[in-house]
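Student: the following comprises the amino acid sequence and a computationally predicted model.
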Amino acid sequence: MKNFKSTPLVLVVFLLISGDILEAQGGRKNQERRLQKLMRLQASLGVPLANDAANDAVGSDGDASKVIRQLQSTVAALGRQLIMQQLFVEERIRSEGSSGIKQIRLQTDGTRPYHSTTYTGNSAVSIHNHANYDRTIGMGEFAAVLNGVEFRTRHNDYKFVMPCRRSKDFHCTEDIPFPDVPPEVRNKATVQEQIAEMKEWFKAWKNQDKSHRDYTKYFKANLCYLEGAWMKSSASLEESFDSDRHFLDATDWFDLHEKARFSAYSGRKDNLENFAYLPVTISGLINGTIPELAQWNYRILCHPLKKDIPFSHFRTVDDLHSRMAYKSSMALQTGSRRARFQLNPDNREYWSEEKAYQRSFLDELMEQIPGKDNYPANITDDIFGYTAFTLDPDEDGNDRVLNAGYYHRWFKVAKKGANGLTQMHRSYSDQNIFMAMTSQEKVAGLSIKDCKLRKKNNRVKDCGRVEQKWTYAIPLEIVYSTPLSSWNPYNLHFKGDAKSDLGKTVREGPNGSYRNGKKEANLAFDGTNNAFYYHTPVEMFYTNGDRDAADTVRYRGVGVLDRQGEIKSVDASGFRIELNIDGAGEIRQRWPIMPVSVEGSTIMKEIEALKDMVMEQRKYISLYRELPIALASDNATDYAPTLRDIELETTVATEDPPGPHTHMVRLTADHIKIMKEDGRAVTVMTSTDFGHFHQLRVRYVKRCDCFRISKCDNQRGGCWDGHSVELIPTAG
């Protein structure tokens, strides 16, 4: 009974089950004895009977049944309250921010608040190097939020794998293929010639110069992501993703909860950082009384992207608190492990600051990633009688049904909602969350009463319960795979898994000694394995870059015996944050793009706006109530923007209903620059008039020096209520 007392809800369920057994068993004395025990357990829980008469329940079989029913009612009420309490907590978290990374383990402190660790410290999200492994990407612990669920991970060190391409088996993964070695390198006669040619390929990649070498064939972008889901609770603990170095150190879920609780209570951590806080909740009540528990779990996987992402499409996020703590300029921050990046939503080199009303480039990438049904996923979301469609029609302009088994944020339905739009974003206010449906039995779902109008009589509805299962994800980082993962110019013997019998021989020396990689015959590694993945000639690297205490890669190379027993000086061939290639310089291999939870809060949005105004005074001088002192003595017109926002008006609507009206349209300076200099259309929203507004795709027409509507509410030409394609400048 000790474990029950630590979880009162389980005691309630125990009372219920005991009551059912009592009612089913014969024998008056046995019933009386069991009922008295039942009532004592109930009293220890602190849940009173519904009325004083229950104390005399042992008087008759009918009274005993009455007590059972009262207990069942109590359990149902407590269960519903706990479900609503969990919803309250999640809704509170959702309204205070968005999905994203929240915190890493405290590493530093100081005299100013920004000296202490946030979601970045010595490195963003505690990323580090395990380049001595073939597929391990170093990442430490962090706290995160996904769709209102806050949790804390173990030390992650995730593997470079993806969901299965042909199987829907639960949590099935497969290795992402490494890029091939360019034949121009592979076909060189000597190792030194291969090294020289490989440096040229890295130089082309560093300079993004396809004319020098077409590097896009052999340097591949991969999107690694964090996925979370409520799983059906079971006694056995299940790892949701593999790591060569870490695991959940617990015998079962209860043991893990106890360890997380004690760690928080005592302030201690597991030295190997293998504890995690993963919440549990009541997902439903069987027959209104018996709780169904759901256990939160997460995993980190990667997906090979279909196209190259140029380095110019990233920009450094100005985490000012981090720069202040390390006295770092933007240039120094960009080259450090602390840097976090934003991916251009328009997939181009030129950046503009503008609102977005539709899918971004990040949406395009995440929509390539499947949920827990893996790549064969094919699921339709048609809840509430409205099928979800993609925002992109097919070649004939027809709507395409959304495959909800892949991660997405945006979709549309055929009928306009109360806001006048058919386009929708998942979640109420979470800008970062991506969602995917699944059919996996182990995922905990939710059901709802769904009613559809009968065609013969619109006043009669067909109702039934419909269940859906969803998982959630955010992007973590773009990781580039390179030919170094496949290149083995010395033809060293790769012996596979370090834990296999053959793999262990890499470390086995003469007379029971251990090899440590020194460049001596009896100490050099005897071949390589997946934990000692040293294939790259040391001449490739200029230096190994900065270091972190969590790094495990050997610096300045190791000695490995080739197949003829000769010692070769080689460096690690696995994934690094930055590569420092001799003759090419520093090249970032990992680009953290994870969102931060606090960015979704109103306070953070206000701070970011203020930060832009302070850090870019000349750009935003028109927004100041008073000129900054540093600029007040100068001619303010020198700082006026060359392009200003302009306001346009639609033509008068001709359809009735809704009747004659117009809408106002504001084009920002960035919008105008995009249209005039890049020749691209932009998406804007009109003002709300006559109870609706429009989403417009606007383009610049050079011959008339004017702006025209190319699409209105995703339809070509004018709007449904009769606004023409013309936009008229206002008097202002």
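Tutor: Noted; the coordinates are in hand.

Student: from here on, just use CA atoms for contacts and neighbour counts.
Tutor: Noted.

Student: can you give me the buried ones in the lengthiest helix in the chain?
Tutor: Counting residues, the longest helix found in the chain (DSSP state H) is helix 61-96. With burial defined by 16 or more other C-alpha atoms under 10 Å, the residues of helix 61-96 counted as buried are 63-65, 67-76, 78-80, 82-83, 86, 90, 93-94, 96.

Student: where do the strands sit along the stretch 251-400 of the chain?
Tutor: 280-286, 290-304, 314-316, 341-343 (DSSP state E, counting those that start in this stretch).

Student: now the strands for the stretch 1-150 of the chain?
Tutor: Assignment of strands within the stretch 1-150 of the chain using DSSP E, counting those that start in this stretch yields the ranges 100-103, 127-128, 136-139, 143-146, 149-152.

Student: what's the shortest one packed up against?
Tutor: What that stands for is strand 127-128. When contacts are defined as 3 or more C-alpha pairs under 8 Å, 6 or more residues apart in numbering; DSSP states H and E, strand 127-128 sits against strand 136-139.

Student: residue 583 and residue 555, how far apart?
Tutor: 19 Å (C-alpha to C-alpha, to the nearest Å).

Student: I meant to write residue 477 there.
Tutor: 25 Å.

Student: show me which of these two is the more surrounded one.
Tutor: It is residue 477, of residue 477 and residue 555, that has more neighbours when counted by other C-alpha atoms under 10 Å, with 20 against 13.

Student: which residues are in contact with that one?
Tutor: Contact analysis of residue 477 by C-alpha atoms under 8 Å, 6 or more residues apart in numbering lists 223, 224, 225, 590, 591, 592, 593, 594.

Student: using the three-state scheme, assign residue 178.
Tutor: Here residue 178 is recorded as coil under DSSP: H, G, I helix; E, B strand; the rest coil.

Student: buried sites along the host helix or strand of residue 466?
Tutor: Using DSSP states H and E, residue 466 falls within strand 461-468. Of the residues in strand 461-468, none count as buried by neighbour count, 16+ other C-alpha under 10 Å.

Student: by contact count, what packs against it?
Tutor: Contact partners of strand 461-468 among helices and strands, from 3+ C-alpha pairs under 8 Å, 6+ apart: strand 446-453.

Student: picking up where we left off before, so which of the strands of the stretch 251-400 of the chain comes closest to residue 628?
Tutor: strand 314-316 (26.4 Å; C-alpha to C-alpha).

Student: same list, the strands of the stretch 251-400 of the chain, but as a markdown table with distance to residue 375, mean pLDDT and mean neighbour count please.
Tutor: Output for the strands of the stretch 251-400 of the chain, formatted as a markdown table (distance: least, C-alpha to C-alpha, whole Å; pLDDT from 0 to 100; neighbours: other C-alpha atoms under 10 Å):
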| stretch | distance to residue 375 | mean pLDDT | mean neighbour count |
| --- | --- | --- | --- |
| strand 280-286 | 27 | 88 | 18 |
| strand 290-304 | 11 | 93 | 21 |
| strand 314-316 | 28 | 96 | 19 |
| strand 341-343 | 24 | 96 | 20 |
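
Student: mind listing what the residue nearest to residue 129 when sequence neighbours are not counted touches?
Tutor: The shortest distance from residue 129 to any non-neighbouring residue, by C-alpha to C-alpha, 6 or more residues apart in numbering, is to residue 551 (4.9 Å). Neighbouring residues of residue 551 by C-alpha under 8 Å, 6+ apart: 128, 129, 130, 138.

Student: pretty sure residue 607 is in a strand, no?
Tutor: No - membership of residue 607 in a strand is not supported by three-state DSSP, which gives helix.

Student: which helix or strand in this structure has the lowest average pLDDT?
Tutor: Using mean pLDDT, DSSP states H and E, the weakest-scoring helix or strand in the chain turns out to be helix 2-6, at a mean of 43.

Student: what helix or strand does the residue positioned nearest the centre of the chain sit in?
Tutor: Centroid-nearest residue in the chain: residue 474, 1.5 Å away (criterion: C-alpha atoms, centre = their mean). Here residue 474 sits within strand 470-481, counting by DSSP H and E.

Student: list the buried residues for stretch 102-110?
Tutor: For stretch 102-110, the neighbour count (16+ other C-alpha under 10 Å) marks 102, 103, 104, 105 as buried.
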